[in-house]
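1. Sequence first, then the predicted structure:
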Amino acid sequence: MNKEKQKPERYDVFLSYCHKDTDIVTHIAHSLLAKGLNIFIDKWELKLGDVLLKEIEKSLELSKSGVIFFSKSALESNWLQQEYNHMASMAIQDSTFRLIPIRLDNCSLPASEYVNGN
């Protein structure tokens, strides 16, 4: 896990998820880590006392791609919506940044109003 070493200069993948989905996302993160990827997952990278918003935005900016895990619980999360909006903006501004949505359950994927926050 990244928590056992210094933070990388860049993350290959930033994982955005609802904490109700922690178990499955952690399993996926371990699989990605085993493939040699540098992973940002909050529970491994954030420390007590970190300024949460600042650290999240900084880590997103240091990421080559963002994976957002959608679930019924995730769609109710304002925090997840903010991360999605930030990643969508990054994908528009930087053609090398990849935004990868993954549906964890039978939830409906968000319509464009999710991006706009309406």
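-> Right, received. Where do you want to start?

2. CA atoms for contacts and neighbours, from now on please.
-> Noted.

3. Which parts of the protein are strands?
-> Taking DSSP state E as the criterion, the chain contains strands spanning 13-16, 39-40, 65-70, 98-103.

4. Return the list of helices and strands in contact with the third one.
-> Put plainly, it is strand 65-70. Applying 3 or more Cα pairs under 8 Å, 6 or more residues apart in numbering; DSSP states H and E, one finds that strand 65-70 makes contact with strand 13-16, strand 98-103.

5. distance between that strand and the chain's centre?
-> Centre-to-centre, strand 65-70 and its host chain are 5 Å apart (Cα atoms, centre = their mean, to the nearest Å).

6. what sits up against it?
-> Under the contact criterion Cα atoms under 8 Å, 6 or more residues apart in numbering, strand 65-70 has outside partners 11-18, 25, 60, 84, 87, 97-105, 107, 109.

7. partners of it, with directions?
-> Applying DSSP bridges, strand 65-70 is found paired with strand 13-16 (parallel), strand 98-103 (parallel).

8. Looking at the shortest one now, give me its mean pLDDT.
-> The reference is to strand 13-16. When pLDDT is averaged along strand 13-16, the result is 93.

9. Let's see that strand as CSV, backbone CA atoms only.
-> Taking Å, rounded to 0.1, in the frame of the first residue of the first chain, the C-alpha atoms of strand 13-16 are listed here in CSV:
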residue,chain,number,x,y,z
VAL,A,13,-5.3,6.2,-10.5
PHE,A,14,-7.4,8.3,-8.1
LEU,A,15,-10.3,6.3,-6.7
SER,A,16,-13.5,8.2,-5.8
